[in-house]
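*Asks:* Can you look at this prediction? I've put the sequence above it.
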Amino acid sequence: LAKTTQPISMDSYEGQEVNITCSHNNIATNDYITWYQQFPSQGPRFIIQGYKTKVTNEVASLFIPADRKSSTLSLPRVSLSDTAVYYCLVGDRRGTGGFKTIFGAGTRLFVKA
Amino acid sequence: DVKVTQSSRYLVKRTGEKVFLECVQDMDHENMFWYRQDPGLGLRLIYFSYDVKMKEKGDIPEGYSVSREKKERFSLILESASTNQTSMYLCASSRRTSGTTDTQYFGPGTRLTVL
């Protein structure tokens, strides 16, 4: 099973770039890496997904080295509203036909003014 | 936009009661999931379903059952609620794709308290 390891928490200040690194040593060849964001009292929501190298969207960038054993979520110029829990996960297929992913404990990012 | 709705935001039940948590999605997704979330433990998968009437156990299925009679609806059942099932319950759905990681869309969650 491809499990992930992330820092439990991180602090930052408004306007800074934040990089959250995730380890996934047992990632399978076909697995993608996905990051979710969760605000208090809400369900997680998708941020970004990638397979290798670099992916960028309007919210974040995702850097994946060639060996794919880790990935880094980069949030440019964070604001107070980016305070949330960020989950890194990789795909895992179980059972007779279903696909599912495994969420870890996530990284709690706290952005200060 | 994908919409996943859960029947209640807050629920209080007594030990031994049978509890039904309902989840409905409106995007014709094949996959549906039930998670519970507890402080410091992240999200843990209880059950998932990849088609009508199909289900598979997740990491913590003990004390729970599920039902998927229609594609858009996935129910989580606590046959006899216990205090250690006090938690936030999150439902999610995703499209069945060829990859092994499906983007999941989550509902707002149901905070269940068992007294």
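*Replies:* Thanks, I have it. Residues are numbered from 1 along each chain as shown, chains lettered A, B, ... in the order given.
*Asks:* how near is residue A:90 to chain B?
*Replies:* 7 Å (C-beta to the nearest C-beta, to the nearest Å). The way it works is simple: take the backbone N, C-alpha and C, and place the C-beta from them, glycine included.
*Asks:* and that residue, bridged to which residues?
*Replies:* Applying DSSP bridges to residue A:90 gives these bridge partners: residue A:33.
*Asks:* show me where pLDDT drops low in chain B?
*Replies:* Along chain B, the model assigns pLDDT under 70 to residues B:1-2, B:97-102.
*Asks:* which element is whatever residue of chain A ends up closest to chain B on?
*Replies:* Chain B sits closest to residue A:43 of chain A, with a gap of 2.8 Å, by C-beta to the nearest C-beta. Assigned by DSSP states H and E, residue A:43 falls within no helix or strand.
*Asks:* residues in contact with it?
*Replies:* Contact analysis of residue A:43 by C-beta atoms under 8 Å, 6 or more residues apart in numbering or on different chains lists B:4, B:90, B:91, B:92, B:106, B:107, B:108, B:109.
*Asks:* Share the number of residues neighbouring residue 14, please.
*Replies:* If you meant another chain, say so; for now it's chain A. Residue A:14: 13 surrounding residues under other C-beta atoms under 10 Å in any protein chain shown.
*Asks:* Chain B is the one I meant
*Replies:* What residue B:14 shows, counting by other C-beta under 10 Å, is a neighbour count of 11.
*Asks:* Is it correct that it is in contact with residue B:114?
*Replies:* Yes: with contact defined as C-beta atoms under 8 Å, residue B:14 and residue B:114 form a contacting pair (7.1 Å).
*Asks:* hey, what's in contact with both of these two?
*Replies:* Joint contacts of residue B:14 and residue B:114 (C-beta under 8 Å, 6+ apart) are residue B:81.
*Asks:* circling back to that earlier point, ok, which pair from the contacts of residue A:43 is furthest apart?
*Replies:* Largest separation among the contacts of residue A:43 by C-beta to C-beta: B:92 and B:108, giving 11.3 Å.
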